[in-house]
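**Student:** build me a model from this:
(one chain, ligands or ions: 1)
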Amino acid sequence: MGWQQRAACRDADPDLFFPTSDDFTAVENARQLVEAAKVCHYCPVRRDCLTYAIESGQDFGIWVGHTPRDLQTIRRERGTGISHPDIDVEPMCSGCSLLFAMPAVDGQLCPLCEERAA
Ligand code: SF4
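**Tutor:** Residues are numbered from 1 along each chain as shown. As a prediction, the model looks like this:
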């Protein structure tokens, strides 16, 4: 199963993520950005989605609550060696900082810490 199959937006209206213009200073688009970001906030595949959007050069639509301009900024920063915490930093156990096996979600405990906490 690909990450798209687990996306929180899988059954959402695609128009929510693809406004008619990229002018996010317009009230309607700004409102749409907020609504889309609410869906993205709880999405389990945020890392995959952002990685895809950045690496495939998406320059239209809302990805992980980011506007195309945000994506350009992330792309430019990564091009100069600045890592992005949602893409370049591996998820860590919040208890002991051991690396999770993918596809873990940051903030979760590793099996060892879960066992200790039980
Ligand atoms: S992060 Fe947002 S845009 Fe990306 S797959 Fe999840 S819900 Fe969809």
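**Student:** residues near E90, how many?
**Tutor:** Applying other CB atoms under 10 Å, we find 10 residues neighbouring E90. (Each C-beta comes from the backbone N, C-alpha and C, glycine too.)
**Student:** now name the helix or strand holding it.
**Tutor:** Using DSSP states H and E, E90 falls within no helix or strand.
**Student:** distance check, it against the ligand.
**Tutor:** Noted for E90: a distance of 18 Å to the ligand, by CB to the nearest ligand atom, to the nearest Å.
**Student:** now the helix of greatest length in the chain: average pLDDT?
**Tutor:** Criterion DSSP state H: the longest helix present in the chain is helix 27-41. Helix 27-41 shows a mean pLDDT of 95.
**Student:** name the helices or strands packed onto that helix?
**Tutor:** Using 3 or more CB pairs under 8 Å, 6 or more residues apart in numbering; DSSP states H and E, the elements in contact with helix 27-41 are helix 14-17.
**Student:** what does the lowest-mean-pLDDT helix or strand in the chain rub up against?
**Tutor:** When each helix and strand of the chain is scored by mean pLDDT, DSSP states H and E, helix 111-117 comes last, with a mean of 81. For helix 111-117, the external contacting residues (CB atoms under 8 Å, 6 or more residues apart in numbering) are C93, G95, C96, L98, L109.
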